[in-house]
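**Student:** predicted structure and sequence below. I'll ask about it afterward.
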Amino acid sequence: MKSYTLKSIGKKTDYMTIIREMEDGYVVKIVRDLDGYQDVKTDYISRELFESCLRTGYLTEIKEKIAITA
């Protein structure tokens, strides 16, 4: 499972982890830091949108492993 930081305003540590790869996209877990608590969502992102986010820098792969809570 690869994880990616999400481009955000300020020093937030929002990230996304790929849970499952599908033929046309990915099931992902998105964790957002909201003033001291974590908002965790599971969602689907199309392969086309994912690749676009990588190209534009909205998503950046995390090279180190991170601890996923929740």
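**Tutor:** Nice, I can see it.
**Student:** dump the C-alpha coordinates for stretch 15-29 into PDB.
**Tutor:** Output in PDB follows, covering the C-alpha atoms of stretch 15-29 (Å, rounded to 0.1, in the frame of the first residue of the first chain):
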ATOM      1  CA  TYR A  15      -2.500  12.000   3.500                       C
ATOM      2  CA  MET A  16      -4.100   9.300   1.400                       C
ATOM      3  CA  THR A  17      -3.300   5.600   1.400                       C
ATOM      4  CA  ILE A  18      -4.300   3.200  -1.500                       C
ATOM      5  CA  ILE A  19      -6.300   0.400   0.000                       C
ATOM      6  CA  ARG A  20      -7.100  -1.500  -3.200                       C
ATOM      7  CA  GLU A  21      -6.300  -1.100  -6.800                       C
ATOM      8  CA  MET A  22      -9.100  -1.700  -9.300                       C
ATOM      9  CA  GLU A  23      -9.100  -1.800 -13.100                       C
ATOM     10  CA  ASP A  24     -10.400   1.700 -13.500                       C
ATOM     11  CA  GLY A  25      -9.200   3.300 -10.200                       C
ATOM     12  CA  TYR A  26      -8.400   3.000  -6.500                       C
ATOM     13  CA  VAL A  27     -10.200   2.600  -3.200                       C
ATOM     14  CA  VAL A  28      -8.300   5.000  -0.900                       C
ATOM     15  CA  LYS A  29      -8.300   6.000   2.800                       C
END
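**Student:** would you mark the buried spots in that stretch?
**Tutor:** 15-17, 26, 28-29 (16 or more other C-beta atoms under 10 Å). For every residue, glycine as well, the C-beta is placed using N, CA and C.
**Student:** tell me the bridge partners for the residue nearest the centre of the chain.
**Tutor:** When C-alpha atoms, centre = their mean is applied to the chain, the residue found nearest the centroid is Met16 (1.6 Å). Beta bridges link Met16 to Tyr4, Ile30, judged by DSSP bridges.
**Student:** how close does it get to Arg47?
**Tutor:** Computed as C-beta to C-beta, to the nearest Å, the Met16 to Arg47 distance reads 14 Å.
**Student:** and Arg32, helix, strand or coil?
**Tutor:** What DSSP: H, G, I helix; E, B strand; the rest coil gives for Arg32 is strand.
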